[in-house]
Every structure is written in structure tokens, then in C-alpha cells.
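Engineer: 3D model of this:
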Amino acid sequence: AQDLSAASIFALVPNKTGGFYTLTGSGDASGNFTVGNVPVGGFWLHIPRTDNGFTTDNYVWTTSSDIDAGQLIVGRPDAVLATTPVTVNTNVTLTTAPVSGDTLLWSSPDAHRFGNVPALPSKNLVTTFPQNGGLIDSSKGDRGFLLHYTTSGLSSHILESETFSSLSETNGGTVSLTGSTVANSGSTTDPNIKITQFDAINAALPNTTGPTVKNFTLYDAGYPGTEGWPIVNPSDSSLLALVSASLNNVTADTDLGSIPFGIVSQTGVGYAQFEDLSSRTISSGGSTYILQDVGSVIVANTIPSSTIVPLLGEPTAPTVNGVDFLSNQTITSLTPQISWGPPAVGTPTAYELTVLNPAAAGVPSQVHDFYTSGSGVTIPPGILQANTSYVFILKAMLYQNSAFLTAPFRMGTSISATSEVSGLMTTSAGATAPSARMPRTP
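Structural biologist: Down below sits the predicted model:
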């Protein structure tokens, strides 16, 4: 449960002048929230959500009066980040001595922490290294995992591991790891990836560079996985990657062959993810901004034993106030209409439109996410400012859980998404927004 007692919760209800009026709500420490006197019909529900200290500013278009705004996240949302790295000392006996190309990783998805371990050519792993991220707290169920990866062909997989479930760390402190690793095996995966089909979707996205990320990963979710798996950042080294393959330079359909693996956590299930992502470079005011993650991602908790193909294309023919979404333009309205058509491949359950001020990247108040199952978003007043440049990111999403109006962030165990980045949208100095006239009887 997330503490919403201080959160800004409100409903934006359309008025008859093309704008919205605001009905203010409130939340409590248990994650419940209420907005009163909302009329029948569609409205934007504004509700922030927090994951490990980062708050997202969400607007959900819905007609429902009873909404589950929860979402499955990785690890503990209350994990305490270390301001001074923890020092990790190891005296661990490995089952197999590392060879050239092997890597060792120290990871805790529970606490969002990780550390790269020096790979020594010996079964007796005696070394010291710094750990970044969160502090492991075994009293809250946190575990740490020492992982030994080996490489074969295009892929790498965990050869052996050891689990540490009795660690409690302090900021800038020291912990010691002792014991012996055990082999990870018992299952196999055989991913046959239709890379040409994913690349074809990327090729339809103009003004992009890439791929910047094209990889296959089989994750250990660490839990039974019945609610699904969030789309994750591959740079999050705290995640338990059982199998991975970097395919950035591969353009042909590729069968990675039979790869052994075992569930490291003993409590989880496997989730397979394939990404084929590019980037778009935006220039504004003498600065250059690189927008990542343009393209497709697919996730499922079915262990691949056959072909992996794209399930969803990009939204088609997007426009901003009737003008090409992908082109730079000046807009005279602070409440522009962004419209699009359905993808040529697949049928989305919802769309996400992100409004980003690139000059203020990294400031949560400058990023706003709009979610709808429709074919357009009219940006409400108060989001865009005059004489300012923005970038819009449009994503089509296909979730196994399609109850978008009542549970917009519950994904289910099968996920697919494809995104594209707009040109630079610059509001004119005299750009205006419609009035927010209140009705007489809400």
C-alpha cells in the first residue's frame, strides 16, 4: 500500500467550453482515495504513484467510480538508498572456477541494490567490492544473491549462485559473505526470435537511431508471478537475469538454441523479455537530448521454447492539432489535441502519452503521463506553459489484463508495448488555454 495522505488527487471533468473543471479529492495512508461529486461520464483522474522514491504524475481517462490504481513493482518501495556505498567482503567457494568471459554479480531485487564482483580465476572467491543501491534489511524479507554467469555463443546464463537471507546493512557499513555456491540448472529455454519482424516495426519509426538496445532476457521474478511483471529497465542490475543475449548487431532471425537455467530465488517463476529499441535525438535551444526506448518490447511468463514474434505495432498516423506528430512544430494552444489510429499489428488495451519538458529532464513535476483506451488526448490546462518546448512519447500497450477502466495499471502476465517519440513541440509566446468554468451543479 502506498501512503496517499499527502498526495494531490483530483478529477478533471470536461466543461462545455472545451476545458475542464477540477474536483479535489483526498487519500489516506493505506492507499485508499476518494473524489466526491464526480458526474456520470468520462474524466481525468489525477493520482501520483511512488516507486523507490520516484513519483510519477499520472492522469487516467476513465468512466469508473471504483478504481484500483495499484501496480506491481519490483522490490520494496520503501527500500532505503545508501548515500555511502556498502563494502562487501567475500570468502565463498565456487563450484566452478571462472574462465575468460565469465562475470560475477552481487544482486538484491528486494532492496534494489547491486555490485560488480571482480572475477578471479579461482574457486576460492576472496575479494572486496563496493555495493550501490538500497540497503538489504533481512527483517523485511530482503535477500542477496551472488551470481556466476558464463557465456556460450550469443548468450550468457547463471552457472551457479548462493543466496544470503540474513543480512542487515547500514549506510557505509561492511558485510561479509561466506559459504558455497550451488549449480543452477534443471530447466531449459530455446528462444527463436523473429528479429526481422521486430526490426520492421522499428524501421517504420522515422528519425530514430539504433537499435540502441536489442536483447533477450529471461528473468527470475522472485515471486509466484501471478499478477504480472513490470516492463523493466535493462540497466537495473539488481534484477535476477537468468539468461541474457545481446543482439544489437544481429539482423537475421535467430534461434539461440537450448540454454540451461534454474530459478535462483527458489520462490519465483521465469519471465522472458525481448526488446528492440532505438533512440531519437532532439535539439532545442542549443542543447541536444536523446530520447531512449523507442520501439517494441514483449514480456511473458511462458518460458520460450519456440518463436518470439511482435504482438503490437506502433500507433498509426499520429497528429498534434491535425499536424504530423513526428515533425517539429509551433503550437498556439496550451491544450493541444493529440490523435492517432490503431496499430497495423495487434489490438492495444490502452495507450500512454507522456509529456516531457526535455530541458527539465529528471524533474518529476516536468513529466506527466496520460493513460486512455481511446484514440486521443486533449492536454488539460496547467500542464503546458507558453514559450516552452516539449516532447510527446506515444506508446501502444497490450496487457493480458484488459480491465483498463477499473484497474489501469494491472498488466497481467503477458505484456507488449511499442512507442514512438514526437518532434519538438514549442508553444508560442501567446499560447492560451480554454477557461475552466465550473458548472452550476456538479
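
Engineer: which strands or helices does the helix or strand bottoming out on mean pLDDT in the chain pack on?
Structural biologist: Every helix and strand in the chain was compared by mean pLDDT, DSSP states H and E; the lowest is strand 113-117, with a mean of 83. When contacts are defined as 3 or more C-beta pairs under 8 Å, 6 or more residues apart in numbering; DSSP states H and E, strand 113-117 packs onto strand 86-93, strand 103-108, strand 124-133. All C-beta atoms are positioned from the backbone trio N, CA, C, and that covers glycine.

Engineer: which residues touch that strand?
Structural biologist: Contacts with strand 113-117, where a contact means C-beta atoms under 8 Å, 6 or more residues apart in numbering, come from 79, 82, 86, 88, 90, 103-108, 125, 127, 129-136, 144, 146, 237-238.

Engineer: narrow these to those that are buried.
Structural biologist: Neighbour counting over the contacts of strand 113-117 (16 or more other C-beta atoms under 10 Å) leaves 79, 82, 86, 88, 90, 104-108, 125, 127, 129, 131, 133-136, 144, 146, 237-238 as the buried ones.

Engineer: any idea what Thr432 is bridged to?
Structural biologist: Ser333 (DSSP bridges).

Engineer: let me know the pLDDT of it.
Structural biologist: Per-residue confidence at Thr432 stands at 85 (pLDDT).

Engineer: that one: how many residues sit nearby?
Structural biologist: 13 (other C-beta atoms under 10 Å).

Engineer: same deal with Pro318?
Structural biologist: 20.

Engineer: in the stretch 151-300 of the chain, which ranges drop under the pLDDT threshold?
Structural biologist: 230-238 (pLDDT under 70).

Engineer: all strands for it, in order.
Structural biologist: 155-164, 174-180, 182-183, 187-189, 192-193, 209-220, 240-246, 254-255, 259-261, 270-284, 287-300 (DSSP state E, counting those that start in this stretch).

Engineer: now those in a markdown table, with distance to Leu12 and mean neighbour count?
Structural biologist: Formatted as a markdown table, the strands of the stretch 151-300 of the chain follow (distance: least, C-beta to C-beta, whole Å; neighbours: other C-beta atoms under 10 Å):
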| stretch | distance to Leu12 | mean neighbour count |
| --- | --- | --- |
| strand 155-164 | 48 | 21 |
| strand 174-180 | 48 | 14 |
| strand 182-183 | 55 | 14 |
| strand 187-189 | 46 | 16 |
| strand 192-193 | 42 | 20 |
| strand 209-220 | 35 | 21 |
| strand 240-246 | 40 | 22 |
| strand 254-255 | 47 | 14 |
| strand 259-261 | 47 | 20 |
| strand 270-284 | 28 | 21 |
| strand 287-300 | 27 | 19 |
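
Engineer: does Ala428 really touch Thr332, like I thought?
Structural biologist: Not quite, residue 428 is Ser, not Ala. Yes - with contact defined as C-beta atoms under 8 Å, Ser428 counts as touching Thr332 (5.0 Å).

Engineer: need phi/psi at Ala359.
Structural biologist: phi -70, psi -20 (degrees, to the nearest 10).

Engineer: and it, what does it touch?
Structural biologist: 284-285, 287, 389.

Engineer: for Thr62, see how far away it is.
Structural biologist: Distance of Ala359 to Thr62, given as C-beta to C-beta, to the nearest Å: 31 Å.

Engineer: list the beta-bridge partners for the closest residue in space to Ser419 that isn't next to it in sequence.
Structural biologist: Of all residues not flanking Ser419 in the chain, Lys395 sits nearest, at 3.9 Å (C-beta to C-beta, 6 or more residues apart in numbering). Beta-bridge partners recorded for Lys395 (DSSP bridges): Glu352, Ser419.

Engineer: roughly how far out does stretch 296-305 sit from the chain middle?
Structural biologist: 15 Å (C-alpha atoms, centre = their mean, to the nearest Å).

Engineer: cool, stretch 377-392 as well?
Structural biologist: 23 Å.

Engineer: could you give the mean pLDDT of it?
Structural biologist: 93.

Engineer: can you give me the end-to-end distance of it?
Structural biologist: 11 Å (C-alpha to C-alpha, to the nearest Å).

Engineer: and that stretch, which residues are buried?
Structural biologist: Using 16+ other C-beta under 10 Å as the test for burial, stretch 377-392 gives 377-381, 383-384, 388-392.

Engineer: now the helices and strands packed on strand 113-117 as CSV including mean pLDDT?
Structural biologist: Below are these laid out as CSV (pLDDT from 0 to 100):
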stretch, mean pLDDT
strand 86-93, 95
strand 103-108, 92
strand 124-133, 91
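
Engineer: right, and these - which one's nearest Val309?
Structural biologist: Nearest to Val309 among the helices and strands packed on strand 113-117 is strand 103-108; the distance by C-beta to C-beta comes to 30.2 Å.

Engineer: any chance of the buried residues of stretch 377-392 in CSV, plus secondary structure and distance to Val297?
Structural biologist: Below are the buried residues of stretch 377-392 laid out as CSV (DSSP: H, G, I helix; E, B strand; the rest coil; distance: C-beta to C-beta, whole Å):
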residue, secondary structure, distance to Val297
Val377, strand, 22
Thr378, strand, 28
Ile379, coil, 26
Pro380, coil, 28
Pro381, coil, 33
Ile383, coil, 26
Leu384, coil, 28
Thr388, coil, 30
Ser389, strand, 27
Tyr390, strand, 24
Val391, strand, 20
Phe392, strand, 19
